[in-house]
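> Predicted model, plus sequence, below.
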Amino acid sequence: MKSIFDDSVGHAKNVSLGLGIIGFCGCLIGWFVAPRDFFVAYLFGHFFFLGLSLGSLALLMIHHLTAGDWGYAVRRFLESAVGNLPLLVLLFVPIFFGLANLYPWQNRAVVSANETLQIYLNPPGFVLRTAIVFAVWIIMARQLLKWSAEQDVTVSLEPTRKMRTLSGPGLVIYPVTMTFAAVDWLMSMEADWYSTMFPVLICIGQVLSALALVILLLAWAARSSVLGSLASEENFHKLGNLLLAFTMMWAYLAFGQLLVIWSGNLPHEISWYLHRISCGWKWIAIFIALFHFFVPFFLLLMRAAKKRRPILARIAACVLAAHIVAVWWTIAPSIYTKHFYVGWLAPAAFLGIGGIYAFAFLKNLETRRLVPQNDPRLELAVPT
Amino acid sequence: MSQPYGLLAEFSNHEDLLRAAETAYAAGFRKMDAFAPFPVEGLPEALGKKTRLPLLVLIGGIIGGVGAYYMEWYANAVSYVINIGGRPIHSWPAFIPITFELTVLAAGLTAFFFSLGLSGLPRPHHPLFNVPEFERASQDRFFLCIETRDPNFNRDQTRAFLQGLSPLSIAEVPE
């Protein structure tokens, strides 16, 4: 039986596929016309959507370990995002052709000035490490999805137990692998710069953006009755509390990194921030401080805002939008160091990758029932 | 004979207590309180109890934060100006950690002391302790007490009302 929700999923799927194709056509033109702008925009688009999938993976593992009933409400959304990881590997391939455009360690002058860089930062190493981290993520994702599918058709506790067993080590493996990825893909865009807090900040940003996305999706699904009592006021309240916690943690880490580098005031460290507050970038930084932290933080302090679905959905949309800007602000100033810049290629890459991502996401969502089946802890969480 | 403190009804589970509290509130009783071995979700709302604690904690936190920033600004930029590594005298990033810590500390202390003070603690004795059954309020029984000072209180009618909620027992609480 098809519900109103299924219809809107089907409709959204067609729209996102169309937008994705248009976006990719734009990207293809961009690759020939302005290769450097294209690669920056493409890395930005890819990294944002990869963040949604990896953040979902982390949230899914947190849920398998803690079994809060908020997680049953959003579990299919998390699993659909996690299921997109193989697609993201495929979409990463163009970046391998743009190393010379993106990374200064590809420039002989920079490398010869600092030879130790060459030992770690070189194209074969970059490709190898990228392949390894993707392989690790995909293995974890595949196992979790496989066991989740088994759980749906059996009353045995075995799949539940397996998911929980993997999730413990998985939550350690994720930040460790993400550290290597963040160093290679983002930090090395300014070859001399390093910050030990940066990978953690990236991880928390990914979890935060994934959480904002699933809150939006849950609010969307709650308009029809497919999720039943799972889309309750209490579950929105709990997700709102989690959103508050991750918003605070993100701000804590972002400020912590700033404070350490600002206090040290060393040329090779501070340059990263100088690029990010030069001219127009300063206003972007202020925008991020306001809409990635202050506005959602103060709104989320209010219990009434967390319990009411339309208000919480708007706060989540604000966080998600601010996170898009924050990803651009993290990546682009390393290339456009003097002035704020965003060309037509950034929206094109965002649409292209986002459209394909959304299409695959909705396809994953369609294949399974929205309410998890046979989880032994779900009956306790949702009294019928 | 002096007035009793109130009437105490005993229930075996939290659902009955919650229903009793809602019925009593609907019947117009306001000066009443409920007792349970664990926090019962929705019970304060059912009794019509409103707390000012969140507002007080917010005010406490704001005083702590503003006070901390003022203290740092006054010490570094006014009272004892000192050049640290050539940075501006009023270096706000360095002031944030202390501001944050004192916000949390002041809010936490406000929550601790006001939650005690607003509930009338510390208090060594309470008329309810005169009822022997009340001991089980901290173990496995749930109680609703309607106090004599409620304007709607009437010894016989209130007892009949409580009887209508089918409690395990009803006891008169001596003052």
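Everything's here; your move.

> so how far is A:L258 from the residue of chain B found nearest chain A?
Using Cβ to the nearest Cβ, the closest approach of chain B to chain A is made by B:P93 at 5.1 Å. Using the backbone N, CA and C atoms, a C-beta is placed for each residue, glycine as well. B:P93 is 7 Å from A:L258, where distance means Cβ to Cβ, to the nearest Å.

> With neighbour numbers in mind, choose between those two.
The neighbour comparison of B:P93 against A:L258 (other Cβ atoms under 10 Å in any protein chain shown) goes to A:L258, with 17 against 13.

> Same question for that one, what's its three-state structure.
Under DSSP: H, G, I helix; E, B strand; the rest coil, A:L258 falls in the helix class.

> Same question for B:R87.
coil.

> same thing with B:E41?
Of the three states, B:E41 takes coil under three-state DSSP.

> where does it fall, phi/psi-wise?
Main-chain dihedrals, B:E41, degrees, to the nearest 10: phi -60, psi 130.

> Find me the pLDDT at it, would you?
Per-residue pLDDT puts B:E41 at 81.

> That one and B:F143: what is the separation?
The spacing between B:E41 and B:F143, counted by Cβ to Cβ, is 17 Å.

> for chain A, what are the nearby residues on chain B?
B:G85, B:R87, B:P93, B:A94, B:I96, B:P97 (Cβ under 8 Å from any Cβ of the partner chain).

> Contacts only, for the second one.
Each residue near B:R87 by Cβ atoms under 8 Å, 6 or more residues apart in numbering or on different chains is listed here: A:N265, B:A94.

> How about the backbone phi and psi for it?
Torsion angles at B:R87 (phi, psi; degrees, to the nearest 10) stand at phi -80, psi 160.

> Next one, pLDDT for the residue with the largest distance to the centre of chain B please.
The outermost residue of chain B relative to its centre, with distances by Cα atoms, centre = their mean, is B:G86 at 50.2 Å. The score at B:G86 is 83. That number is its pLDDT.

> What of the one 5 residues further on?
As summarised for this prediction, B:S91 has a pLDDT of 88.

> Quick one: residues contacting it.
The neighbours of B:S91, taking Cβ under 8 Å, 6+ apart as the test, are B:N76, B:I84.

> so how far is B:S79 from it?
B:S91 is 15 Å from B:S79, by Cβ to Cβ.

> Could you count how many residues lie near B:I170?
Around B:I170 there are 16 residues (other Cβ under 10 Å).

> and it, what is it in contact with?
So B:I170 contacts B:L7, B:L8, B:A9, B:E10, B:R159, B:L162, B:Q163 (Cβ under 8 Å, 6+ apart).

> Can you name the next helix or strand after whichever strand or helix holds the fourth one?
For B:E10, the element it lies in under DSSP states H and E is strand B:6-11. Following the chain from strand B:6-11 toward its C-terminal end, the next helix or strand by DSSP H and E is helix B:14-26.

> so what does that following helix touch, helix or strand wise?
Here helix B:14-26 touches strand B:6-11, strand B:32-35, helix B:43-46, strand B:142-147, going by 3 or more Cβ pairs under 8 Å, 6 or more residues apart in numbering or on different chains; DSSP states H and E.

> Let's have the ones you listed in JSON lines, adding mean neighbour count.
Below are the helices and strands packed on helix B:14-26 laid out as JSON lines (neighbours: other Cβ atoms under 10 Å in any protein chain shown):
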{"stretch": "strand B:6-11", "mean neighbour count": "24"}
{"stretch": "strand B:32-35", "mean neighbour count": "19"}
{"stretch": "helix B:43-46", "mean neighbour count": "16"}
{"stretch": "strand B:142-147", "mean neighbour count": "24"}
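
> now the ones you listed as CSV including distance to A:L91?
Converted to CSV, the helices and strands packed on helix B:14-26 look like this (distance: least, Cβ to Cβ, whole Å):
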stretch, distance to A:L91
strand B:6-11, 61
strand B:32-35, 58
helix B:43-46, 50
strand B:142-147, 58
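
> among the ones you listed, which is nearest A:N114?
Nearest to A:N114, of all these, is helix B:43-46, at 63.6 Å by Cβ to Cβ.

> Return the alpha-carbon coordinates of that closest one using PDB.
C-alpha atoms of helix B:43-46 as PDB (Å, rounded to 0.1, in the frame of the first residue of the first chain):
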ATOM      1  CA  LEU B  43       3.200  14.900  38.000                       C
ATOM      2  CA  PRO B  44       4.200  18.600  38.700                       C
ATOM      3  CA  GLU B  45       2.100  19.700  35.800                       C
ATOM      4  CA  ALA B  46      -0.900  17.600  37.000                       C
END
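
> Against which helices or strands is that helix packed?
Packing partners of helix B:43-46 (3+ Cβ pairs under 8 Å, 6+ apart): helix B:14-26.

> got the angle for the helix it packs on vs strand B:142-147?
Using axes from the mean of the first three to the mean of the last three Cα atoms, to 10 degrees, one finds that helix B:14-26 and strand B:142-147 are set 20 degrees apart in direction.

> shaky segments in the chain?
Chain wasn't specified; assuming chain A. A:1-4, A:109-113, A:379-384 (pLDDT under 70).

> That was the other one, I meant chain B.
In chain B (pLDDT under 70), the answer is B:1-2.

> Name the single longest helix found in it.
helix B:92-118 (DSSP state H).

> what about A:A100, how many residues close to it?
13.

> same thing with A:I277?
For A:I277, the number of neighbouring residues by other Cβ under 10 Å comes to 14.

> who does the helix or strand harbouring A:A245 touch, helix- and strand-wise?
In this structure, A:A245 sits in helix A:233-264 according to DSSP H and E. On a contact count with 3+ Cβ pairs under 8 Å, 6+ apart, helix A:233-264 meets helix A:69-82, helix A:198-221, helix A:267-277, helix A:295-300, helix A:303-307, helix A:309-331, helix B:92-118.

> can you pull the contacts of the residue farthest from the centre of chain B?
B:G86 touches nothing, counting by Cβ under 8 Å, 6+ apart.

> and the residue nearest to the spatial centre of chain A, what does it touch?
Ranked by distance to the mean C-alpha position of chain A (Cα atoms, centre = their mean), the top residue is A:G51 at 1.8 Å. Counting by Cβ under 8 Å, 6+ apart, A:G51 touches A:I202, A:G205, A:Q206, A:S209, A:A210, A:H323, A:V327.

> try 7 Å this time
Applying Cβ atoms under 7 Å, 6 or more residues apart in numbering or on different chains, we find A:G51 in contact with A:G205, A:Q206, A:S209.

> filter the residues you listed to the buried ones?
With burial judged by 16 or more other Cβ atoms under 10 Å in any protein chain shown, the buried subset of the contacts of A:G51 is A:G205, A:Q206, A:S209.

> closest to chain B among those residues?
A:G205 (19.8 Å).

> My guess is the closest one contacts A:W250. True?
Yes - under the criterion of Cβ atoms under 7 Å, A:G205 makes contact with A:W250 at 5.8 Å.

> in the longest helix of chain B, what counts as buried?
Those would be B:A94, B:F95, B:I96, B:T99, B:L102, B:T103, B:A106, B:A107, B:T110, B:A111, B:F114, for helix B:92-118 by 16+ other Cβ under 10 Å.

> Taking the stretch 1-150 of chain A, what residue is nearest to chain B?
A:D69 (13.6 Å).

> So what's the residue count around that residue?
Neighbours of A:D69 (other Cβ under 10 Å): 18.

> do B:E135 as well
By other Cβ under 10 Å, 10 other residues sit near B:E135.

> can you check A:Y174 too?
Around A:Y174 there are 22 other residues, counting by other Cβ under 10 Å.

> Then A:H323?
25.

> measure it to chain B for me?
From A:H323 across to chain B, the span is 22 Å (Cβ to the nearest Cβ, to the nearest Å).

> out of everything not next to it in sequence, what's closest to that residue?
Distances taken as Cβ to Cβ, 6 or more residues apart in numbering or on different chains put A:S209 closest to A:H323, at 4.4 Å, once the chain neighbours are dropped.
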